[in-house]
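[1] sequence first, predicted coordinates after that:
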Amino acid sequence: LASDYLLTKRNLGLVNNVDAALVEMAARTTGPLILFPPAATTRALKSALRHREVLEVGRGPGRDGMISLDAASDLPFDGVAVIASPGDPLGSLLVANDAVRLARSCAWLVIDERYAEYAGQSLLNVASEFPNVIVLRSFQARLGVTEVNAGWVVGSPRARDLLAGVASPLTLGIATATLA
C-alpha cells in the first residue's frame, strides 16, 4: 500500500471494519459532528451516535459537490467533519481545496474513501500534509472482496492517538491475515 500510493508506512494502519472504525473515531472526539447528507456514512453515524450534536452541510452531486466558503467558515472549530468521497448514493467528490478548507475549519476531518478506487481521485496526500486529517479506505473495491469490510487508514503522527485501538500498525503479518 505504501509504495502503491507513495505514502510512508508509519502513517498507515489497518482496521477490521471500516464502519466500526468510523463510529469509534467519531466517538473518541468531543465536538459536534459535521456530516454531509445524503451519504450512507451520515445515516450510520447519526444512528450510532444519537447523543452527539450534529450539523448537516449539503453538497451537490458528482464533481460539483463543492462546499462553499461560507459554509466552511461557519463550522465550529471543535467540530469533527466526516465526509464520504465519493459519497453514496450521489457520487459527490470532495476536491482538494474543499478538503483543505474543512481541515482548516475543524478539529478533525475524516474522509471516507471506501469507493475511491471507482472515482479515479484520492485525498490521501491531504492526510499526509495535515495533522488533523484521516483518510479511511476499504479493501472491498481494491480487491473485489465484498464479504470483508476490512480497510486501512492514513493519518499523521497526531492522528495515531485518535486511531490507537481502532487501527493496527501496518505489518506484513497483519496484512496477510486480513486479506486471507
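    Sure thing, it's come through.

[2] helix/strand/coil for the residue nearest in space to the middle of the chain?
    Nearest to the mean C-alpha position of the chain, by CA atoms, centre = their mean, lies I111 at 2.4 Å. When classified by DSSP: H, G, I helix; E, B strand; the rest coil, I111 comes out as strand.

[3] excluding its backbone neighbours, what's nearest it?
    If the residues on either side of it in the chain are set aside, I111 comes closest to V135, at 4.7 Å by CB to CB, 6 or more residues apart in numbering. C-betas here are computed from N, CA, C, even on glycine.

[4] for the one you found, grab the count of nearby residues.
    27 (other CB atoms under 10 Å).

[5] what pairs with the helix or strand hosting it, parallel or antiparallel?
    For V135, the host element (DSSP states H and E) is strand 133-138. Using DSSP bridges, the strands paired with strand 133-138 are strand 108-112 (parallel), strand 151-155 (antiparallel).

[6] convert the first one to PDB, retaining C-alpha atoms only.
    Going back to what we said before, that points to strand 108-112. C-alpha atoms of strand 108-112 as PDB (Å, rounded to 0.1, in the frame of the first residue of the first chain):
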ATOM      1  CA  TRP A 108     -10.700  16.700  12.700                       C
ATOM      2  CA  LEU A 109     -11.500  15.900   9.100                       C
ATOM      3  CA  VAL A 110     -12.300  12.200   8.400                       C
ATOM      4  CA  ILE A 111     -12.600  11.300   4.800                       C
ATOM      5  CA  ASP A 112     -14.300   8.100   4.000                       C
END
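
[7] contacting residues around that strand?
    18, 22, 25-26, 29, 31, 39, 41, 79-85, 94, 99, 102-103, 123, 126-127, 130, 132-136, 162 (CB atoms under 8 Å, 6 or more residues apart in numbering).

[8] mind listing which of those are in strands?
    When DSSP state E defines the strands, the subset of the contacts of strand 108-112 inside them is V80, A81, V82, I83, A84, V133, I134, V135, L136.

[9] point out where this protein drops to low pLDDT.
    The chain contains residues with pLDDT under 70 at 60-65, 141-148, 169-180.

[10] go again with 50.
    The model of the chain has pLDDT under 50 over residues 172-180.

[11] contact partners for L123?
    S85, L94, A96, A99, I111, E113, V133, V135.

[12] contacts for stretch 160-171 next, please.
    Residues contacting stretch 160-171 (CB under 8 Å, 6+ apart): 1-2, 9, 12-15, 21, 24-25, 28-29, 108, 134, 152-153, 155, 174.

[13] just the buried residues of those.
    1, 12-15, 21, 24-25, 29, 108, 134, 152-153, 155 (16 or more other CB atoms under 10 Å).

[14] what is the neighbour count of L163?
    L163: 22 neighbours (other CB under 10 Å).
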